[in-house]
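Engineer: Next come a sequence and a model predicted from it.
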Amino acid sequence: MLKTKNNYIVDEIGKKIMLRGFNLGGWLMMEGYILYAENIAERVFKDKFKKAQGSAALEEFEKAFRDNFICEEDFKNIASLGFNCARLPFNHKLIEKEPFAYSKEGLSYLQKAVSWAKKYGIWVILDLHAAPGSQNTDWHSDSTGEAQLWGNQSNIERTIKLWSFLADVFKDEEAVAGYDLLNEPIVAASALNKFYQDLVKEIRKADKNHILFLEPVDWAQELGTLQKPQDENLAFSIHFYQPLEFCFNTEATPAYPFADRLYKKGMQDNIRHLRDCFKISHELKVPILVGEFGVNSRSNSSGEMNYISDLIKLFGELGFHWTYWTYKAVKNTIFPDGLYHFTKDPEWVNRRGEVRGWDNYCSLWQTHKSEIINSWKTSSFEIDSQLLAALGNQKL
């Protein structure tokens, strides 16, 4: 089992371990842009699909996607490239089919991921990306605009019980580095700290072994607001997409390194923020995982890979663990794309059309099923060798 010791993560003999890897984004919590589509809640897309194709077709689609978008070969690949960690975002609905009732089939995907990680000698971080009611207002928490986890005692209890259930299932799994308890919460800091205190206490009744990763408010950025629960095996997880316009490519920005005065000052402020996180880490004796960071590559036309390379050096200097967002994505022009890109333009991607990406699955599933499934496999994607080099890979 990995453990925390002061502000380090160590193995069972006390050797320091640095976690370096990728998020398996879009697999067990579907996100629109990763499949070249509008960013709508997963449940909205699946409701559309169900209305168009029926319940049986939706079940078939879900199984086919989960069985092909990520598979054992991807875990083998992550290890072969020299990385040792996969952060695994999942929707609570994968496990919780009804309140307080859990799906063996959904759980099997987490179990398979853990077994593959164990086989290839890497670690998995289980990340609750979408909690009951949604912990923030964005699509990636399966929200349609409201964060209904907060202020709803039933949803809070469901979240706590879900983690208690998962902790009991995985308590003896050495390939699990730990549990990322709540992705990018948006709520008052006092409410989040109370929630973590209750959640940590309940998890420890089932699992005293694994590291618990806690994310702060404001999209996992405001680490200074996070109070440390009374537990000796904790880590903090922050996210870093700064400057946001540059990383997401949502508007025209100067190239990195920024000559523009405002962008240059902004980047200096962001670096100071990371150094402040380092100070908090040492003061509280808690290690830090940068659970998400990334950039839209834009073919490195604006210095994106220099940006990533400099971040990796800074994380190394500060002793931060990291998982890049994300492992694979259909190539897009906005939001961080993956180490692997799908660059083709079949009907279900439809790059120049009005209806793009997964929104086409509703109409094309029955006639193009096998082709769509094959397009999800990593073997249909192309590796971004520049990003691989920027991340510090030595096995090119």
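Structural biologist: Right, received. Where do you want to start?

Engineer: alpha carbons only for contacts and neighbour counts from here, please
Structural biologist: Will do.

Engineer: looking at the protein, which helix or strand does the model trust least?
Structural biologist: Lowest by mean pLDDT, DSSP states H and E among the helices and strands of the chain is strand 96-98, with a mean of 94.

Engineer: Helices of the stretch 51-200 of the chain, residue ranges please.
Structural biologist: 55-68, 72-80, 92-95, 104-120, 153-170, 189-206 (DSSP state H, counting those that start in this stretch).

Engineer: Give me whichever of the ones you listed is most buried.
Structural biologist: Comparing these by mean neighbour count (mean count of other CA atoms under 10 Å), helix 92-95 ranks first with a mean of 22.

Engineer: tell me what that helix is packed against?
Structural biologist: helix 104-120, strand 123-130 (3 or more CA pairs under 8 Å, 6 or more residues apart in numbering; DSSP states H and E).

Engineer: I'd like to know which elements the shortest one is packed against.
Structural biologist: Spelled out, it's strand 123-130. Going by 3+ CA pairs under 8 Å, 6+ apart, strand 123-130 lies up against strand 85-91, helix 92-95, helix 104-120, strand 176-180.

Engineer: can you tell me which of the ones you listed comes nearest to residue 303?
Structural biologist: strand 85-91 (26.2 Å; CA to CA).

Engineer: Residue 326 versus residue 345, what's the distance?
Structural biologist: Noted for residue 345: a distance of 21 Å to residue 326, by CA to CA, to the nearest Å.

Engineer: the more surrounded of those two?
Structural biologist: residue 326 (23 against 13; other CA atoms under 10 Å).

Engineer: Which residues are in contact with that one?
Structural biologist: 22, 23, 24, 25, 294, 336, 337, 338, 339 (CA atoms under 8 Å, 6 or more residues apart in numbering).

Engineer: Could you dump those residues into TSV and include secondary structure, neighbour count and pLDDT?
Structural biologist: As requested, these are exported to TSV (DSSP: H, G, I helix; E, B strand; the rest coil; neighbours: other CA atoms under 10 Å; pLDDT from 0 to 100):
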residue	secondary structure	neighbour count	pLDDT
22	strand	26	98
23	strand	25	98
24	coil	25	98
25	coil	25	98
294	coil	24	98
336	coil	26	96
337	coil	27	93
338	coil	29	95
339	coil	22	98
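
Engineer: which regions of this protein sit below the pLDDT cut-off?
Structural biologist: Residues of the chain meeting the criterion pLDDT under 70: 393-396.

Engineer: I'd like the distance from the longest helix anywhere in it to the chain centre, please.
Structural biologist: Ranked by residue count under DSSP state H, the longest helix found in the chain is helix 261-284. Relative to its chain's centre, helix 261-284 lies at 22 Å (CA atoms, centre = their mean, to the nearest Å).

Engineer: which residues are contacting it?
Structural biologist: 6-7, 223-224, 228, 242-243, 254, 257-258, 286-288, 318.

Engineer: Buried ones in the least confident helix or strand of the chain, by neighbour count?
Structural biologist: Buried residues in strand 96-98, counted by 16 or more other CA atoms under 10 Å: residue 96.

Engineer: Within the sheet, what are the partner strands of that strand, with directions?
Structural biologist: strand 101-102 (antiparallel) (DSSP bridges).
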